[in-house]
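1. Please work out how this folds:
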Amino acid sequence: MPLRPLMPVLLLAVTAMLGQQTMATVAKTAIPVLFKAIADDLGFDAQWVLLFTWVFACVAIVVMLGCGAYLIRYGALRMSQWGCVLMAGGLTVSALSFGGMTSAFLVLGLAAVLLSVGVTVATPASSQILARYSPPRWAPLVFSVKQTGVPAGVVIAGFAAPALAIAFGWRGAALTLAAACVLIAVLLQPCRKEFDADRRPDHRLGFGSISDTFFEVVRKPALRMLAVSAFAFVGLQAIYTNFTVVYLTERLGFGLSEAGAALGIATLAAVPGRIVWGWVGSVWVPPQLLLAMLAGTMAFGAAAMGFLDASWTFGAVLAPLLVVSLTALSWHGLLLAEVARLTSGTDTGRMTGGVLAFGTAGQIVFPLLFFIGYFVGGYLAAYAAIALPAALAGAALLRSYRVSSRRENVLERS
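-> Residues are numbered from 1 along each chain as shown. The predicted structure follows:
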């Protein structure tokens, strides 16, 4: 039976893509969550999780730039399914890790590659599908609802992975989550006829598509602006999500559970935060202007984190964390909607990947930037170092918005 009579296609698209985005985030987060148990079992230092995340990020840049041709040829829905299968493969491979640092690193390195390919394709694929069905005015809200799968996936992984590890061991936890990935791939199959109707089976594949996508993003000022913003936002987000617990325990003397609770409470706020900003961007404030406002606010919140010390109460510490969560963890739907507005048809997925590749580069660069700031002036300088790019991106977005607004006013008067 056709899909259209069963339910509105846009609602179906949002539901399907929310499911695959949530599962992608669960798969991405699961191994870092389980890494302490893996390291203890296999006999190496848990801090080597940084190498796992570095491999993941490096592969993600290539996939973001190169996945567009595959989305066009095979269809965004089919690539979403293959993404889920690759995530399942990565989780399964990780469960096959065995003793000895060298052998474990080789196996976990392969797991990182498979997971990165599978997870990374999720956002460009979902953007290509949603761009076809979203009314332009409501695109910020639609994309923001879909992107709630990211914080939701982090929360699910944070609770489910440890619980499964306690019940079945870390290998059993990885295999259980792998089975869930395969289940999502199967559940997406009835949607394929509708969502992959625009695929072009004769589209050429090749490594040239990577450089084509990169240079197209760089050449077009509006896309270049979004790419630079993604670099600043994702980089700041990476430091915030990966280092806050360590910072609160080392600098403020928080217990592990107290530090985790602070980050967890703040992260949960990003779920409604994304929807609220999507609504505001659809109804009240132009998305580019709203992105500029969020950039300035996240820069302020990140800089404020550098002033935290042991004299601050839990509530006072939570305040800048909430500011960062409601901005640095909540901008994604707005930016993706802007990419969709600036592109068309099957190019949306390709250009989304191109823009987000710059964001992934931020995950690699910002830890070094943070370290340099810390070496120069302690945590105050470290947080200022990662806040500055966001502030500059906000200023550039604001200037671009003003220029485009003046141009539109001139055209209207003429």
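
2. pretty sure Thr53 contacts Asn242?
-> Yes - the pair Thr53 / Asn242 is scored as a contact, 7.5 Å apart, by CB atoms under 8 Å. C-betas here are computed from N, CA, C, even on glycine.

3. what secondary structure does Gln204 sit in?
-> One correction, residue 204 is Arg, not Gln. Here Arg204 is recorded as coil under DSSP: H, G, I helix; E, B strand; the rest coil.

4. wait, what's in contact with it?
-> Ala69 (CB atoms under 8 Å, 6 or more residues apart in numbering).

5. now it: how far from Gly315?
-> As judged by CB to CB, to the nearest Å, Arg204 and Gly315 stand 57 Å apart.

6. roughly how far out does stretch 232-246 sit from the chain middle?
-> 12 Å (CA atoms, centre = their mean, to the nearest Å).

7. shouldn't Met64 be in contact with Leu356?
-> Yes - the pair Met64 / Leu356 is scored as a contact, 5.1 Å apart, by CB under 8 Å.

8. In terms of secondary structure, what does the host helix or strand of Val365 contact?
-> Under the criterion of DSSP states H and E, Val365 resides in helix 347-413. Applying 3 or more CB pairs under 8 Å, 6 or more residues apart in numbering; DSSP states H and E, one finds that helix 347-413 contacts helix 49-66, helix 68-74, helix 122-133, helix 208-219, helix 221-251, helix 287-305, helix 332-342.

9. and Val63, what does it touch?
-> Contacts of Val63 by CB under 8 Å, 6+ apart are 116-117, 120-121, 353.

10. repeat for Ile275
-> 141, 144-145, 148.

11. what's the burial count for Met293?
-> 16 (other CB atoms under 10 Å).

12. how much space between it and Val228?
-> 17 Å.

13. Sketch out the low-pLDDT regions of the stretch 201-350 of the chain for me.
-> By pLDDT under 70, the low-scoring segments of the stretch 201-350 of the chain are 206-209, 256, 345-346.

14. repeat that for 90
-> Residue ranges of the stretch 201-350 of the chain with pLDDT under 90: 201-214, 238-271, 282-283, 309, 332-333, 336, 340-341, 343-350.

15. my guess is Tyr247 meets Gly378, correct?
-> No - Tyr247 is beyond contact range of Gly378, at 11.7 Å (criterion: CB under 8 Å).

16. These two: who's more crowded?
-> Tyr247 (20 against 12).

17. Contact partners for that one?
-> Tyr247 touches 305, 308, 379, counting by CB under 8 Å, 6+ apart.

18. Which helix or strand contains the residue positioned nearest the centre of the chain?
-> Computing the C-alpha centroid of the chain and ranking residues by CA atoms, centre = their mean puts Val150 first, at 6.6 Å. Assigning secondary structure by DSSP H and E places Val150 in helix 149-188.

19. can you give me the offset of the helix or strand just after that helix from its chain's centre?
-> On the C-terminal side of helix 149-188, the nearest following helix or strand under DSSP H and E is helix 192-195. Here helix 192-195 is found 25 Å from its chain centre; the criterion is CA atoms, centre = their mean.

20. going forward, begin numbering at 59 instead of 1
-> That works, and once the first residue is 59, the last one we named lands at helix 250-253.

21. Flag every buried residue along helix 250-253.
-> 250, 252-253 (16 or more other CB atoms under 10 Å).

22. Over to stretch 278-287?
-> Buried residues in stretch 278-287 (16+ other CB under 10 Å): 278, 280-287.

23. Domain boundaries for the chain, per the record?
-> 59-254, 265-472 (automatic domain parsing).

24. Tell me how far the first one lies from the chain's centre.
-> What separates the centre of domain 59-254 from the centre of its chain is 11 Å, taken as CA atoms, centre = their mean.

25. next one: stretch 247-256
-> 24 Å.

26. for the record, mean pLDDT for it?
-> Across stretch 247-256, the average pLDDT comes to 91.

27. Alpha carbons of it, in PDB - could you do that?
-> The C-alpha trace of stretch 247-256 is given here as PDB (Å, rounded to 0.1, in the frame of the first residue of the first chain):
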ATOM      1  CA  GLN A 247      12.900  -0.500   4.400                       C
ATOM      2  CA  PRO A 248       9.200   0.200   3.800                       C
ATOM      3  CA  CYS A 249      10.100   3.900   3.300                       C
ATOM      4  CA  ARG A 250      12.600   3.400   0.500                       C
ATOM      5  CA  LYS A 251      10.300   3.600  -2.500                       C
ATOM      6  CA  GLU A 252       9.100   7.000  -1.400                       C
ATOM      7  CA  PHE A 253      12.200   8.500  -0.100                       C
ATOM      8  CA  ASP A 254      14.600   7.200  -2.700                       C
ATOM      9  CA  ALA A 255      12.400   8.200  -5.700                       C
ATOM     10  CA  ASP A 256      14.900  10.900  -6.600                       C
END
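
28. how many neighbours does Phe156 have?
-> Phe156: 9 neighbours (other CB under 10 Å).

29. Skip the chain neighbours and tell me the closest residue to Ala327.
-> Nearest non-adjacent residue to Ala327, counting by CB to CB, 6 or more residues apart in numbering: Ser383, 5.1 Å away.
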